[in-house]
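>>> Turn this into a structure:
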Amino acid sequence: MNIGQSESESPVDKKRLLYIDSYLAVFNKACGDICEEPSLPFIFARCFTDLYGDSKTLPSFIHCFNRLDRPVSGAVLLVFDKALLPRLQNQFTEHQKKALAVKKVYTAVLKGSLPISGDFALLEHYLRFDARRQKAFVCEKDARRAKLARLLWRPVFSTGRYTFAEIELITGRTHQIRCQLAHEGYHIKGDVKYGARRSDPLGGIRLHASRLRFEHPVTNEVIDIAAPLLKTDALWQAYGGF
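Sure, this is the predicted structure:
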């Protein structure tokens, strides 16, 4: 059942609960929501109850499969059956992503004007995450706890002052997009932790998980979900790519 296609639900519900069936859901996380249990499952449960009342039973197991940083918004996959987790994890390995056309696509607003490109460029670094400082750093390959981080990105629109970029993750390291782009000199609007000069008036940072594509672990159907913005302003509207 794709909630986004139901005309009986309010626009707010359509924006939050993007897809749901007996096995999983795609939920639109707001910036500020915490993906770790029990926070996001609680927010989902509240939305589920508001949407269905007593007509449907809330799943007893709710696991957030792809976690987004707290200041990031967008599509997260919630799984209702623990047995499905290995099948999904296998899909999201780098090799299987290519075979199954699995995609995790983000849209970012970067400070400054960059040349628009129709072609994706590869960014590849080794990262280490400092748990005490809660921040990722680019490091040498042989550094302790170094992990390879790879993504594709391209600038797609510029206002002159800001550039919108489309990013496709290949690996899934903590703070990967934020760290890799900042290392190259491209700062996400509002991301003070990674070099932005000031916080964002909408809250969070201008990084949105705008598309999630995967193969359903039970039906083998390709699920391709676009996540609309929950908060918008003139800058987001200037792009209009949602």
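>>> Nearest residue to the middle of this structure?
Taking CA atoms, centre = their mean as the criterion, Ala209 is the residue nearest the geometric centre of the chain, at 3.0 Å.
>>> Would you check how far apart that residue and Leu68 are?
Remark: distance between Ala209 and Leu68 (CB to CB, to the nearest Å) = 6 Å. All C-beta spots, glycine's among them, are computed from the backbone N, C-alpha and C.
>>> For these two, list the residues in contact with both.
The contact sets of Ala209 and Leu68 overlap at 29, 74, 76 (CB atoms under 8 Å, 6 or more residues apart in numbering).
>>> Tell me who's in contact with the second one.
Gly74 makes contact with 28-29, 68, 106, 208-210, 227 under the criterion CB under 8 Å, 6+ apart.
>>> Assign it to helix, strand or coil.
Look at Gly74: counting by DSSP: H, G, I helix; E, B strand; the rest coil, its state is strand.
>>> And the nearest residue to it once chain neighbours are set aside, which helix or strand is it part of?
The shortest distance from Gly74 to any residue other than its chain neighbours is 2.7 Å, reached at Ala209 (CB to CB, 6 or more residues apart in numbering). Under the criterion of DSSP states H and E, Ala209 resides in strand 207-215.
>>> Quick check: which helices or strands does the very next helix or strand once past that strand pack against?
Next along the chain after strand 207-215, taking DSSP H and E as the criterion, comes strand 222-226. If contacts are counted by 3 or more CB pairs under 8 Å, 6 or more residues apart in numbering; DSSP states H and E, strand 222-226 sits against strand 17-20, strand 207-215.
>>> Those: which one's closest to Arg46?
strand 17-20 (11.1 Å; CB to CB).
>>> Send me the closest one as PDB with only the CA atoms.
The C-alpha coordinates for strand 17-20 follow below in PDB (Å, rounded to 0.1, in the frame of the first residue of the first chain):
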ATOM      1  CA  LEU A  17       4.500   8.200   5.600                       C
ATOM      2  CA  LEU A  18       5.600   7.700   2.000                       C
ATOM      3  CA  TYR A  19       5.200   4.000   1.700                       C
ATOM      4  CA  ILE A  20       3.900   1.200   4.000                       C
END
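>>> what sits against the closest residue to Leu77 other than its chain neighbours?
Nearest residue to Leu77, sequence neighbours excluded (CB to CB, 6+ apart): Phe65, at 4.2 Å. Going by CB under 8 Å, 6+ apart, Phe65 touches 24, 76-79, 85, 88.
>>> Next one: Phe65, what pLDDT does it get?
For Phe65, the model assigns a pLDDT of 93.
>>> how many neighbours does the nearest residue to Ile177 once chain neighbours are set aside have?
Spatial nearest neighbour of Ile177, excluding adjacent residues (CB to CB, 6+ apart): Ile167 at 5.6 Å. Ile167 has 22 neighbours, counted by other CB atoms under 10 Å.
>>> Now do the SS call for Pro86.
Of the three states, Pro86 takes helix under three-state DSSP.
>>> For it, give its distance to Val79.
11 Å.
>>> higher neighbour count, the two?
Comparing Pro86 with Val79 by other CB under 10 Å, the one with more neighbours is Val79, at 21 against 10.
>>> Could I get the phi/psi values of that one?
The phi/psi pair for Val79 (degrees, to the nearest 10) reads phi -110, psi 140.
>>> ok now do it, which residues does it touch?
Val79 is in contact with 23-24, 61-63, 65, 85, 88, counting by CB under 8 Å, 6+ apart.
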